[in-house]
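In: would you be able to build a 3D model of this:
(one chain, ligands or ions: 1)
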Amino acid sequence: MTTHRLLLLPGDGIGVETIAEVERVIAYFNETAKSARFETETDLVGGAAYDRHGVAITDEAMAKALKAAAVIFGAVGGPKWDGVPYAVRPEAGLLRLRKDLGLFGNLRPAICYPALADASSLKRELVEGLDIMIVRELTGGVYFGEPKEIVTLEDGQKRAIDTQVYTTHEIERIARVAFDLARKRSNKVHSAEKRNVMHTGVLWNEVVTATHKAYAPDVELNHILADNCAMQLVRKPKQFDVIVTDNLFGDVLSDEAAMTTGSLGMLPSASLGAPDPHTGNRKALYEPVHGSAPDIAGKDLANPIATIASFGMALRYSFDMGKEADLLDQAIAAALGAGLRTADIMQPGMRQVGCSEMGSAIVKELGALAG
Ligand code: NAD
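Out: Numbering: from 1, shown residues only. Modelled structure (predicted):
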């Protein structure tokens, strides 16, 4: 039996509550395991780490993250730490994890569970059964390029500059992530850029085309201008499977795609790094898109589905456990199909439950589906 080592970092606020539900899902998979089980360690991050150690993540916790096969992260932050020094603010823990693990690829799925199709701002027929994946380059582009400054001109006006920079290597490695993912899904990639007005768009297009030819000729590749992509996402989102794009366009397009399908409490994500030269496994961190939600923390009101579905992504993309990931998706769909809703996705005629009851229902459905 294979053992996968997970580091759990619940963090602050509702992160603690939603990771507790993930632990119950992990316990279910361990109890019923046939070929792979999970060994978990837990550590502090964010405000919780600052309160205990004076830093947002300790070197020891970082060392555990580097050794783990995957990190499952809750959320960090809250008003309690608003006044702490910038270098040790809760978010610094997440930024250090991203940097030290070299996480350059951010995966944001937009999945529409049938039971929630009517809650979308789009028509049911446009979103029912939707399952797309936005692959966003995370460590390059205009958020990091230099110069990045605001200067005062001689006439007293100010001029702000951000610089969009991409190299062949940065584009090629994110393209490979997209092609690898597409092979585990519907085998189709759209690459979105603005080659009509940006040099980085021209290079992006050339490198994705060359990577496709050399690395993934079996995958269907389409090029699309990023503005058209934004429009098509609300016009006919089911035409997409995997969309790969740069840091800035990815930031916008992933929020747009995700919100066509529901609440913040439903949205998982993954961040991937380079493949390990020995094992071929990529460094990986899985986390819900939402934050620590201080307004509802500690009240058993949080929706645990985003965090549980993030673990589902770990099953699929770090551990090649696609069958178990499908089972977990079906269990979430079944709990929603049975009419259970946390407060954030409550609809008339449904039954409102808390975080822990939603977690229990999903574990129960896992058992029922597995027979
Ligand atoms: P948030 O995502 O924490 O909450 C926004 C709203 O959505 C709140 O009303 C909250 O109650 C609701 N919400 C979020 N997740 C939910 C869930 N699972 N179930 C039910 N309702 C949910 O964003 P915010 O309020 O802007 O930020 C709160 C804190 O979280 C801040 O300190 C912020 O810096 C931090 N934050 C952390 C991360 C992260 O850890 N990756 C991401 C975003 C924000």
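In: so the residue nearest to Gly359 when sequence neighbours are not counted is in which element?
Out: With CB to CB, 6 or more residues apart in numbering as the criterion, Gly359 has its nearest non-adjacent residue at 3.2 Å, and that residue is Glu21. No exception for glycine: its C-beta is placed from N, CA and C like everyone else's. Taking DSSP states H and E as the criterion, Glu21 maps to helix 14-31.
In: what's the helix or strand just after that helix packed up against?
Out: The helix or strand immediately downstream of helix 14-31 is strand 36-42, counting by DSSP H and E. Judged by 3 or more CB pairs under 8 Å, 6 or more residues apart in numbering; DSSP states H and E, the packing partners of strand 36-42 are strand 2-11, helix 14-31.
In: CA atoms only: put the first one into PDB for me.
Out: Output for strand 2-11, consisting of C-alpha atoms alone and laid out as PDB, is shown next (Å, rounded to 0.1, in the frame of the first residue of the first chain):
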ATOM      1  CA  THR A   2       1.300   3.500  -0.900                       C
ATOM      2  CA  THR A   3       1.400   6.100   1.800                       C
ATOM      3  CA  HIS A   4       1.000   9.800   0.800                       C
ATOM      4  CA  ARG A   5       2.200  12.400   3.300                       C
ATOM      5  CA  LEU A   6       0.000  15.500   3.600                       C
ATOM      6  CA  LEU A   7       0.700  18.600   5.600                       C
ATOM      7  CA  LEU A   8      -2.500  20.300   6.800                       C
ATOM      8  CA  LEU A   9      -2.300  24.000   7.500                       C
ATOM      9  CA  PRO A  10      -5.700  25.100   8.800                       C
ATOM     10  CA  GLY A  11      -4.600  28.700   9.500                       C
END
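In: need the helices and strands packed on strand 36-42 in JSON lines with mean pLDDT and distance to Gly105, can you?
Out: Listed next are the helices and strands packed on strand 36-42 as JSON lines, based on pLDDT from 0 to 100; distance: least, CB to CB, whole Å:
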{"stretch": "strand 2-11", "mean pLDDT": "97", "distance to Gly105": "19"}
{"stretch": "helix 14-31", "mean pLDDT": "98", "distance to Gly105": "22"}
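In: which of those sits closest to Asp320?
Out: Checking these against Asp320 by CB to CB gives strand 2-11 as the closest, at 10.1 Å.
In: in its sheet, what does that closest one sit against?
Out: Here strand 2-11 has these sheet partners by DSSP bridges: strand 36-42 (parallel), strand 70-75 (parallel).
In: thinking again about what came up before, would you format the helices and strands packed on strand 36-42 as a markdown table with distance to the ligand and mean neighbour count included?
Out: Formatted as a markdown table, these follow (distance: least, CB to the nearest ligand atom, whole Å; neighbours: other CB atoms under 10 Å):
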| stretch | distance to the ligand | mean neighbour count |
| --- | --- | --- |
| strand 2-11 | 6 | 21 |
| helix 14-31 | 6 | 21 |
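In: Throw the ones you listed into TSV and include distance to Pro275, thanks.
Out: Below are the helices and strands packed on strand 36-42 laid out as TSV (distance: least, CB to CB, whole Å):
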stretch	distance to Pro275
strand 2-11	16
helix 14-31	24
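In: among those, which is nearest Ser120?
Out: helix 14-31 (22.7 Å).
In: what's that closest one packed up against?
Out: Applying 3+ CB pairs under 8 Å, 6+ apart, we find helix 14-31 packed against strand 2-11, strand 36-42, strand 70-75, helix 305-317, helix 355-370.
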